[in-house]
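1. what's the 3D shape of this:
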Amino acid sequence: MTVASVDQAPAAGSDRAAGCSQKELVWQSGKLRLYRYRPIARPTRGVPLLVVYALVNRPYMMDLQEDRSLIRGLLAEGLDVYLIDWGYPDGADRFTTLADYIDQHLAGCVQQVLKTRRLRAVNLLGVCQGGVLSLCFSALHPQLVRNLITMVTPVDFHTPADLLSKWVSKIDVAAWVNDGNVSGDALNQLFLSLMPFRLTQQKYVDLLAGSPDRARIENFMRVEQWIFDSPDQAGAAFLEFVTWFYQENRLAQNRLEIAGRKVDLRALRLPMLNLIGKRDHLVPPAASAALQRLVGSSDYTMLEFDLGHIGMYISARAQREVPAAIANWLAAR
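-> Next comes the predicted model:
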């Protein structure tokens, strides 16, 4: 289904849940929506970049506000940017699997971009869990991906510093799911519990101790809105993801299959850029850095930034460094 409507950038002070940049809804399938951003600089003639965000959070963190937007940074570099919005799963989605997300939803978005732009392959930017989905898609459909970029993406889920993996290692996930969906609020509390003082108390102390600047407070509240805007998770896909990746570490051990097809990272020969946050508490650097030893690409680049997980999207340093690094790497290819 193709839709010609355009989302206008919200006015100052309004709800920013849709992001701050103008974008056009170019395709949708069920709850999924595929957007193309309006250019803000002279566009290059390069291949479009499709951003694949995680299922567990909303993608507007990539476009939070004008001076804290990775999307705007990419647009300012002249890139042609598309974004997948997975939507909010409900009871009708409880049996949606990872194969559905990869071979139908993600594949449908890729095919839509390729068809409308008359291309054979697209560039992918996979973020966090979206990076895992992008790796799986690229391994299963290598002819459709020209360049692959992963950002704060876990690959080896059993590294020593992986607190989330330790937490879920002994959980009976099947009993938690129980043929239903998984509450986004419950997952959000799990993420906050990994660093309880820093993520639930210290940030408020820091806010009160700082200057009473309106822009600073509004930025804080936008981040808070995003943190607590947690979609429920499709039960079947959640069960597969936690079991196969976190508990059994199948991707790093070359034992992962999607719908009966082997996901072999060693067969990945395309150019790859891996972006890592040195202070990432959700995806430890070692969990991402493992990608280098697992893939078969001879054109592999790893860049580390002195940033945390969220800081990779919204910090002032990220705005200066990350979009330019992505654009320069793509321009060389």
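2. Considering helices and strands only, name the one in the chain with the lowest mean pLDDT.
-> helix 196-197 (a mean of 40; mean pLDDT, DSSP states H and E).
3. who's in contact with the nearest residue to residue 158 once chain neighbours are set aside?
-> The shortest distance from residue 158 to any non-neighbouring residue, by C-beta to C-beta, 6 or more residues apart in numbering, is to residue 249 (4.8 Å). Using the backbone N, CA and C atoms, a C-beta is placed for each residue, glycine as well. Going by C-beta atoms under 8 Å, 6 or more residues apart in numbering, residue 249 touches 156-158.
4. Closest one of those to residue 188?
-> Proximity of those to residue 188 (C-beta to C-beta) peaks at residue 157, which lies at 19.9 Å.
5. tell me the SS of the residue nearest to residue 158?
-> Three-state call for residue 249 (DSSP: H, G, I helix; E, B strand; the rest coil): coil.
6. Quickly note the distance from it to residue 293.
-> Counting by C-beta to C-beta, to the nearest Å, the gap between residue 249 and residue 293 amounts to 14 Å.
7. from memory residue 278 sits against residue 306, does it?
-> Yes - with contacts counted by C-beta atoms under 8 Å, residue 278 reaches residue 306, the gap being 5.1 Å.
8. Now do residue 326, the pLDDT please.
-> Per-residue confidence at residue 326 stands at 98 (pLDDT).
9. can you confirm it is in a strand?
-> No - Residue 326: not assigned to a strand; according to three-state DSSP it is helix.
10. is it true that it touches residue 149?
-> Yes - Residue 326 is within contact range of residue 149, at 6.2 Å (criterion: C-beta under 8 Å).
11. so what sits against both of these two?
-> Joint contacts of residue 326 and residue 149 (C-beta under 8 Å, 6+ apart) are 49, 125, 273, 275.
12. Select from those residues the one having the most neighbours.
-> residue 125 (28 neighbours; other C-beta atoms under 10 Å).
13. Surely that one is in a strand?
-> Yes - under three-state DSSP, residue 125 sits within a strand.
14. buried residues in stretch 170-178?
-> Neighbour counts over stretch 170-178 (16 or more other C-beta atoms under 10 Å) mark 173, 176-177 as buried.
15. What is the lowest-pLDDT residue among those?
-> residue 176 (84).
16. separation between that one and residue 168?
-> In terms of C-beta to C-beta, residue 176 sits 10 Å off from residue 168.
17. do residue 225 as well
-> 26 Å.
18. Which one of the two is surrounded by more residues?
-> residue 168 (18 against 15).
19. On the three-state scheme, residue 296 is what?
-> coil.
20. surely it meets residue 267?
-> Yes - contact status for residue 296 versus residue 267: in contact at 5.9 Å, counting by C-beta under 8 Å.
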